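# A predicted structure for the sequence below; I have some questions about it.
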Amino acid sequence: MNQSILSNFPILNQEVNGHPLVYLDSGATSQKPTAVIEAVKAYYEQDNSNVHRGVHTLGNRATEGYEGAREKVRGFINASSTKEIVFVRGTTTAINTVAASYGDANISEGDEIVITYMEHHSNIIPWQQLAKRKKAVLKYIELEEDGTISLENVRKAITEKTKIVSVMHVSNVLGVLNPIKEITKIAHEHGAVMMVDGAQAAPHLKVDVQDLDADFYAFSGHKMCGPTGIGVLYGKQRHLETMEPVEFGGEMIDFVGLQESTWKELPWKFEGGTPIIAGAIGLAAAIDYLESIGLDKIEQHEHELAAYAMEKMSEIEGMTIYGPKDPSKRAGIITFNLDDVHPHDVATVLDMQGIAVRAGHHCAQPLMKWLNVSATARASFYLYNTKEDVDRLVEGLQKAKEYFNDVY
């Protein structure tokens, strides 16, 4: 990846605690390039208005920007129509929408919902709540020893009673790239629909929802160089047409009477209230930026960084790296622990050296239990990271290990 990419991200040009910043927490949120910052700024300075309802020039420009962003997203994931692109606050809102709307209408007592142990809480709790409401059964696909999913275990978990399967495309802890297309095929063979949490995939690799054949796909703008507070729910049009909205109010209505109301057509019936206009425009700028570099190049760059980091980190005595050992089976995420050092302490020592990593359970407590740990540290890479960043991380981990060995 071209070193000049770093210059596109103003926040990276600073010192933290007296050291040049090394940002290795893109799995939590990515940094924003100047192009995205300027796009949001330009909207507020030149075009700020509400969308759809006005006939004045600012309203028309805002609407063109907002709906243009929808078309941009459609092309980015190769959806067949903008009717299948619903703007939401993020992946969490998208999954909750599917659980509350499609789930409530299609799940009955005794039906099965199938997920995995590696899921983010946002892809667990909505299904737990749906199962409780409808007296359904929530099942988990067993993981292999290295945290990967085997299709054999998928076939064991999915039965004729299964109505919904929901799996993350890439694990935010293990970095595992899951076989979504194959899982979707198995789900469809049993009459179930497939929901995909794409929060850790859409920013890092080319997603083609028609090729995957997933019924629903969700991702967040802030993890892919876009603003916070904007995300996308993709749904096949035939599903969205039959689903009821979960938020009601302005923007999403067609006609309102004293006792009954009707809804706008897709996708607007799911976008009640003033939408996230600036966020959508910023997301469109982020897509332009990522596509100018190339998702294939970004994916390859992250694979190379992950392989380099795993090699270097494995040389540290007492280092445990979770997930598959084969770098080709994982994205640019490395979750680890140092023997006898709490991950929060590791992250604190690294921060004092200007290195930002994440520590905790990563919103994946069932997976932490499966790993038999309470918490881990995580380094997550993106297009703006370099091998020099990895070297800084390894050096910082060595210092952390030496410090705590001296203390204890």
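Alright, I've got the coordinates.
# With just CA atoms, put stretch 387-407 into CSV.
Extracted in CSV, the C-alpha atoms of stretch 387-407 (Å, rounded to 0.1, in the frame of the first residue of the first chain):
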residue,chain,number,x,y,z
LYS,A,387,4.9,-3.0,8.6
GLU,A,388,6.6,-0.2,10.7
ASP,A,389,3.4,0.0,12.8
VAL,A,390,3.7,-3.8,13.4
ASP,A,391,7.3,-3.3,14.4
ARG,A,392,6.3,-0.6,16.9
LEU,A,393,3.6,-2.9,18.3
VAL,A,394,6.1,-5.8,18.7
GLU,A,395,8.6,-3.5,20.4
GLY,A,396,5.9,-2.2,22.7
LEU,A,397,4.8,-5.6,23.6
GLN,A,398,8.3,-6.6,24.5
LYS,A,399,8.5,-3.5,26.7
ALA,A,400,5.2,-4.4,28.4
LYS,A,401,6.4,-7.9,29.1
GLU,A,402,9.7,-6.7,30.5
TYR,A,403,7.9,-4.0,32.7
PHE,A,404,5.5,-6.5,34.2
ASN,A,405,8.2,-9.1,34.7
ASP,A,406,10.1,-6.5,36.7
VAL,A,407,7.0,-5.5,38.7
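# Can you name the residues in contact with it?
Here stretch 387-407 makes contact (CB atoms under 8 Å, 6 or more residues apart in numbering) with 22, 24, 305, 308-309, 312-313, 315-319, 338, 340-341, 345-346, 349-350, 353-355, 357, 379, 381. In short, each C-beta sits where N, CA and C put it, glycine included.
# Where strands are concerned, which of these count?
Counting by DSSP state E, these place 22, 319, 338, 355, 379 in strands.
# ok, and the most crowded of those?
Highest neighbour count within these, by other CB atoms under 10 Å: residue 379, with 29 neighbours.
# Now do it against residue 201, distance only.
Computed as CB to CB, to the nearest Å, the residue 379 to residue 201 distance reads 18 Å.
# now swap in residue 152 and tell me
Distance from residue 152 to residue 201, by CB to CB: 23 Å.
# the more surrounded of these two?
Between residue 152 and residue 201, residue 201 has the larger neighbour count (other CB under 10 Å), namely 24 against 10.
# Now for the more buried one: which residues touch it?
Residue 201 sits in contact with 168-170, 177, 207, 219, 331, where contact means CB under 8 Å, 6+ apart.
# Same list as before, those that is, but in CSV and with secondary structure included.
Shown next, in CSV, are the contacts of residue 201 (DSSP: H, G, I helix; E, B strand; the rest coil):
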residue, secondary structure
168, strand
169, coil
170, strand
177, strand
207, coil
219, strand
331, coil
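# Would you mind giving me the ChimeraX syntax to select the buried ones in those residues?
Filtering those down to the buried ones (16 or more other CB atoms under 10 Å) takes a single ChimeraX command:
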select :168,169,170,177,207,219,331
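# quick check, nearest of the contacts of residue 201 to residue 230?
Closest approach between those and residue 230, by CB to CB: residue 219, at 10.3 Å.
# For the closest one, name its beta-bridge partners.
Beta-bridge pairing of residue 219 under DSSP bridges involves residue 232.
# so how far is residue 30 from residue 403?
Taken as CB to CB, the span from residue 403 to residue 30 is 30 Å.
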